[in-house]
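Asks: My questions are about this predicted structure, shown below with the sequence.
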Amino acid sequence: MPAVSKGDGMRGLAVFISDIRNCKSKEAEIKRINKELANIRSKFKGDKALDGYSKKKYVCKLLFIFLLGHDIDFGHMEAVNLLSSNKYTEKQIGYLFISVLVNSNSELIRLINNAIKNDLASRNPTFMCLALHCIANVGSREMGEAFAADIPRILVAGDSMDSVKQSAALCLLRLYKASPDLVPMGEWTARVVHLLNDQHMGVVTAAVSLITCLCKKNPDDFKTCISLAVSRLSRIVSSASTDLQDYTYYFVPAPWLSVKLLRLLQSYPPPEDAAVKGRLVECLETVLNKAQEPPKSKKVQHSNAKNAILFETISLIIHYDSEPNLLVRACNQLGQFLQHRETNLRYLALESMCTLASSEFSHEAVKTHIDTVINALKTERDVSVRQRAADLLYAMCDRSNAKQIVSEMLRYLETADYAIREEIVLKVAILAEKYAVDYSWYVDTILNLIRIAGDYVSEEVWYRVLQIVTNRDDVQGYAAKTVFEALQAPACHENMVKVGGYILGEFGNLIAGDPRSSPPVQFSLLHSKFHLCSVATRALLLSTYIKFINLFPETKATIQGVLRAGSQLRNADVELQQRAVEYLTLSSVASTDVLATVLEEMPPFPERESSILAKLKRKKGPGAASALDDGRRDPSSNDINGGVEPTPSTVSTPSPSADLLGLRAAPPPAAPPASAGAGNLLVDVFDGPAAQPSLGPTPEEAFLSELEPPAPESPMALLADPVPAADPGPEDIGPPIPEADELLNKFVCKNNGVLFENQLLQIGVKSEFRQNLGRMYLFYGNKTSVQFQNFSPTVVHPGDLQTQLAVQTKRVAAQVDGGAQVQQVLNIECLRDFLTPPLLSVRFRYGGAPQALTLKLPVTINKFFQPTEMAAQDFFQRWKQLSLPQQEAQKIFKANHPMDAEVTKAKLLGFGSALLDNVDPNPENFVGAGIIQTKALQVGCLLRLEPNAQAQMYRLTLRTSKEPVSRHLCELLAQQF
């Protein structure tokens, strides 16, 4: 821009500003301003025409007065007249006044648009930039309609100067954000991508910002930007700080551009081109290597710029979730930041590691930092950092460290900030339930929760422990003994009284043989808390008393005396009064047999999704990062709460631990159906609406009810019967998207993650399979701020798949609000072996335009694998039995990923087979066995993987009892290496 000449100093403006600053009071300031406004008004209305300098000076004074907070109702036309001046300073002041004072509804907007059009057509770069800045600053729809077609043309014109291109890109970005529908997509979109190769770094920076925004709605139009972005990023990362002197910030080359390029790449899946992907991986490794180098400056600006690039690089690595080595290196780098003296870096490191903990490749690496995270939870001064540390402990928890993490979180809970206590309580309750190895530890943990933070233990938490104790015979005696001891404390929280009242009322007879916990002692202990409790707790205790009459007839007279007391029969609360009257009458009138029938022990509760997890999801909000991190598969652990149930054909030794939720118990014998009236007496009072009496879940139903998805839309949604999927024929939907096979392959060896993502929609998957049954949760996230209309995801069975795979779905809402997430539940049953996966068709309207995409649902035949352990002799005997040529499939192929033994082992376990040690004479080889479970038959499978590190090759051999299954499994598994 031209410098302002000495004659443009506007001495009159300087004097006016000085007078305002010297005013001693508000009244003096207003008086001086009114005097100046009168003078300016007279000059504008005078007969003598003002020259450009005078107009500029008076318009500047008006602008200054407006910025002081005073209304300006004249001078707009004079400012518009300045736009036609050929002097830069006069035109600049005119545009500045219009940008600040003129609104989109002004009558002058047409005149302003004409002046802007003249400047855009002038080819004077200075005037063009002023006009573009004005359009961006005003950003009204009227200006968008007038110039949206012209600005792209200026942006890609070959004769436009760099400063004009830069201004045009940012102006177009402003208009697109204000009114996306006004910016036409055309041939210019392909040309704007090539601005990433521009020599001027300012143009590249502006173009990256524009492309990042545009590609969210039209990803396919800008897909070619991936290779150009990688190329530009590679040149920046590999350059020295002296190569880009004008764009080097404290020895860091172009940090802002690097961050923008990394964010642009996060809008797309990993590059399909192997060369581009290799170059990108090299860039990411270079950034991680530079982070280990000693700093070139001690200034905070240097470390900020360097760390900004590093954290954005780690975000891209996490987004791709496909490079195990990079994920582990990123985790190690973040681990170094956990002990950094800068609080913000520790916070960001904890936040990023929470996401890394959900990746199968980096979860073990995250766990190595458990001591550092626990120390942060204890010693951090900043509450937000402590909260992130608690989040990370929750994310990294598995069976191997659950007791340690729960113990530390309970210890922290005693001094935790009140704002996060409820969330900590929920997390401890979830972890204790999910990873419990025995019942006594689980009961002790929940009772400790109530003792330490009873005010923050919600109903969902103590409801859940009552459900589990009721459903498990072997824990009932221990629970009764434990709560009896807890109730003896002088200060006992009311939630403890509730839990104790219920458990002793149901199972107090199990500890009644001990004189220290005899029936009279139990009653007197509970009744000593009665007058200190709320109405709801007293109502529960009255129910416990009538249960005691059935369990312990010797307490009948004492309890009837309590019920007969005037404080109960004439209680002001109608609920307590009614209970006292009815229980007293029942105990007096009913015979012993009738009393035993009415007051018999509560039946097991029908299993439902954990309401504790649902509450935590609601508390964290929609779209929480942890929505998909609860279903990690831990093949090495004895999975007692969500693993694969051994079948009779499995020769491995089952875990000595029992199933916490009682989901593997054999179904009880059939009983005659109860009448409707009698059945409704025993309803589930702990988990929402009344449930119909159940004869107990079958093993299949138990498995499906065991899964714990994020919070449902409503409690009733969990109880609704699944609706068979509306199955339009394949001819009614479009073909799968080009990358459907690649997206499917990502899920062959894992069960949860992001299936699809573009600028509008993210589809996440969480699934679990057991024998021939499975349940899958699909999470549809609206990434825009605009509501999706007519949202309709359907599952389609191509060919004969309908007879091979049964899929039931639950309906989802037809509208998905901006930024919201909805879930869809699929119940899956494998009827017989299949080769093609079902299709997922998603249709909706966005901004009035129909959107449709078809994906391959990640349900492959290996999901129904049952791992099988066997000795070497049994393996070779079975291997010889499957010796027919059609039973074997073999493939020799080149390694597409680094050959790492641990990664290979993890993939084979994720594939579903059991890994057999000491079977193959070559210790470098991998041998596995399993059974594919279908409703019609079982298909045995043996595999052998022989890696050759020198040649970077693999040989994979599979033998099964069915020829198509052998070939299909071989193809599926070979694509993983």
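Replies: Cool, got the structure.

Asks: So for stretch 245-258, what gets flagged as buried?
Replies: Residues 247-258 are the ones in stretch 245-258 that count as buried (16 or more other C-beta atoms under 10 Å). For glycine as for every other residue, the C-beta is placed from the backbone atoms N, C-alpha and C.

Asks: Now secondary structure, pLDDT and distance to K177 too, for those residues, in JSON lines please.
Replies: Listed next are those as JSON lines, based on DSSP: H, G, I helix; E, B strand; the rest coil; pLDDT from 0 to 100; distance: C-beta to C-beta, whole Å:
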{"residue": "Y247", "secondary structure": "helix", "pLDDT": "85", "distance to K177": "25"}
{"residue": "T248", "secondary structure": "strand", "pLDDT": "87", "distance to K177": "30"}
{"residue": "Y249", "secondary structure": "strand", "pLDDT": "88", "distance to K177": "26"}
{"residue": "Y250", "secondary structure": "coil", "pLDDT": "88", "distance to K177": "31"}
{"residue": "F251", "secondary structure": "coil", "pLDDT": "88", "distance to K177": "34"}
{"residue": "V252", "secondary structure": "strand", "pLDDT": "89", "distance to K177": "28"}
{"residue": "P253", "secondary structure": "strand", "pLDDT": "89", "distance to K177": "29"}
{"residue": "A254", "secondary structure": "coil", "pLDDT": "89", "distance to K177": "24"}
{"residue": "P255", "secondary structure": "helix", "pLDDT": "91", "distance to K177": "24"}
{"residue": "W256", "secondary structure": "helix", "pLDDT": "92", "distance to K177": "19"}
{"residue": "L257", "secondary structure": "helix", "pLDDT": "92", "distance to K177": "20"}
{"residue": "S258", "secondary structure": "helix", "pLDDT": "93", "distance to K177": "23"}
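
Asks: From those residues, pick the one nearest M161.
Replies: Of all those, Y247 has the smallest distance to M161: 18.3 Å, by C-beta to C-beta.

Asks: wait, isn't the closest one in contact with A254?
Replies: Yes - distance between Y247 and A254: 4.4 Å, which falls inside the contact criterion (C-beta atoms under 8 Å).

Asks: what is in contact with the two at once?
Replies: Overlap of the contact sets of Y247 and A254 (by C-beta atoms under 8 Å, 6 or more residues apart in numbering) consists of M201.

Asks: Mind putting the buried residues of stretch 245-258 into JSON lines with distance to Y394?
Replies: Supplementary listing: these in JSON lines, determined by distance: C-beta to C-beta, whole Å:
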{"residue": "Y247", "distance to Y394": "41"}
{"residue": "T248", "distance to Y394": "41"}
{"residue": "Y249", "distance to Y394": "37"}
{"residue": "Y250", "distance to Y394": "37"}
{"residue": "F251", "distance to Y394": "39"}
{"residue": "V252", "distance to Y394": "35"}
{"residue": "P253", "distance to Y394": "39"}
{"residue": "A254", "distance to Y394": "38"}
{"residue": "P255", "distance to Y394": "33"}
{"residue": "W256", "distance to Y394": "34"}
{"residue": "L257", "distance to Y394": "36"}
{"residue": "S258", "distance to Y394": "32"}
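
Asks: Next one: C134 from N782, what distance?
Replies: 34 Å (C-beta to C-beta, to the nearest Å).

Asks: and if you look at R464?
Replies: The span separating R464 from N782 equals 31 Å under the rule C-beta to C-beta.

Asks: shaky segments in this protein?
Replies: 1-9, 104-106, 241-243, 607-732 (pLDDT under 70).

Asks: Name the next helix or strand downstream of the helix or strand where R346 lies, please.
Replies: In this assignment (DSSP states H and E), R346 forms part of helix 343-356. Later in the chain than helix 343-356, the nearest helix or strand by DSSP H and E is helix 363-367.

Asks: now the strands for the stretch 851-977 of the chain?
Replies: Listed in chain order, the strands of the stretch 851-977 of the chain (DSSP state E, counting those that start in this stretch) span 865-867, 888-894, 914-915, 926-933, 938-948, 953-960.

Asks: Those into a markdown table, with extra columns for mean neighbour count?
Replies: Formatted as a markdown table, those follow (neighbours: other C-beta atoms under 10 Å):
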| stretch | mean neighbour count |
| --- | --- |
| strand 865-867 | 23 |
| strand 888-894 | 15 |
| strand 914-915 | 20 |
| strand 926-933 | 24 |
| strand 938-948 | 20 |
| strand 953-960 | 21 |
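
Asks: now those in CSV, with distance to L173?
Replies: Shown next, in CSV, are these (distance: least, C-beta to C-beta, whole Å):
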stretch, distance to L173
strand 865-867, 50
strand 888-894, 44
strand 914-915, 52
strand 926-933, 52
strand 938-948, 49
strand 953-960, 48
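
Asks: Give me the distance between the two termini of stretch 448-459.
Replies: Start-to-end span of stretch 448-459 (C-alpha to C-alpha, to the nearest Å) is 15 Å.

Asks: now what about it, what contacts it?
Replies: Stretch 448-459 has contacts (C-beta under 8 Å, 6+ apart) with 410, 413-414, 416, 421-422, 424-426, 428-429, 461-462, 486, 489, 493-496, 499, 615.

Asks: List only buried entries from those.
Replies: Neighbour counting with 16+ other C-beta under 10 Å marks 410, 413, 416, 421-422, 424-426, 428-429, 461-462, 486, 493-496, 499, 615 as buried within these.

Asks: Mind checking which of these land in helices?
Replies: 410, 413, 421-422, 424-426, 428-429, 461-462, 486, 494-496, 499, 615 (DSSP state H).

Asks: L392 is in contact with I374, isn't it?
Replies: No - using C-beta under 8 Å, L392 makes no contact with I374, being 9.9 Å away.

Asks: where's the residue lying closest to Q866 once chain neighbours are set aside relative to D833, distance?
Replies: Distances taken as C-beta to C-beta, 6 or more residues apart in numbering place I931 nearest to Q866, at 4.5 Å, with adjacent residues excluded. Going from I931 to D833 by C-beta to C-beta gives 12 Å.

Asks: what do the two both touch?
Replies: Between them, I931 and D833 share these contacting residues under C-beta under 8 Å, 6+ apart: V939.

Asks: surely the residue nearest to Q866 meets L937?
Replies: No - I931 sits out of contact with L937 when judged by C-beta under 8 Å, with a separation of 10.3 Å.

Asks: Now do the shared contacts for those two.
Replies: Common neighbours of I931 and L937, using C-beta under 8 Å, 6+ apart, do not exist here.

Asks: With respect to E90, which of the strands of the stretch 851-977 of the chain lies nearest?
Replies: E90 sits nearest to strand 888-894 of all those, at 69.5 Å, using C-beta to C-beta.

Asks: Output the helix or strand containing L743 as PDB, restricted to C-alpha atoms.
Replies: Counting by DSSP H and E, the element that carries L743 is helix 740-745. Extracted C-alpha coordinates of helix 740-745, given in PDB (Å, rounded to 0.1, in the frame of the first residue of the first chain):
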ATOM      1  CA  ALA A 740     -16.000 -48.500   0.500                       C
ATOM      2  CA  ASP A 741     -13.700 -51.500   0.300                       C
ATOM      3  CA  GLU A 742     -10.800 -49.600   1.900                       C
ATOM      4  CA  LEU A 743     -13.100 -48.400   4.700                       C
ATOM      5  CA  LEU A 744     -14.400 -52.000   5.200                       C
ATOM      6  CA  ASN A 745     -10.800 -53.400   5.400                       C
END
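
Asks: Which helix or strand lies directly C-terminal to that helix?
Replies: That would be, after helix 740-745 and using DSSP H and E, strand 752-757.

Asks: That following strand pairs with which strands?
Replies: strand 761-770 (antiparallel) (DSSP bridges).

Asks: Just the CA trace of the partner strand, in PDB.
Replies: Provided in PDB are the C-alpha atoms of strand 761-770 (Å, rounded to 0.1, in the frame of the first residue of the first chain):
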ATOM      1  CA  LEU A 761     -21.400 -36.400   8.300                       C
ATOM      2  CA  GLN A 762     -19.400 -38.700  10.500                       C
ATOM      3  CA  ILE A 763     -20.400 -42.300  11.000                       C
ATOM      4  CA  GLY A 764     -18.800 -44.100  13.900                       C
ATOM      5  CA  VAL A 765     -19.100 -47.900  14.700                       C
ATOM      6  CA  LYS A 766     -19.000 -49.800  17.900                       C
ATOM      7  CA  SER A 767     -19.800 -53.500  17.800                       C
ATOM      8  CA  GLU A 768     -19.300 -56.700  19.700                       C
ATOM      9  CA  PHE A 769     -19.900 -60.300  18.600                       C
ATOM     10  CA  ARG A 770     -20.300 -63.600  20.400                       C
END
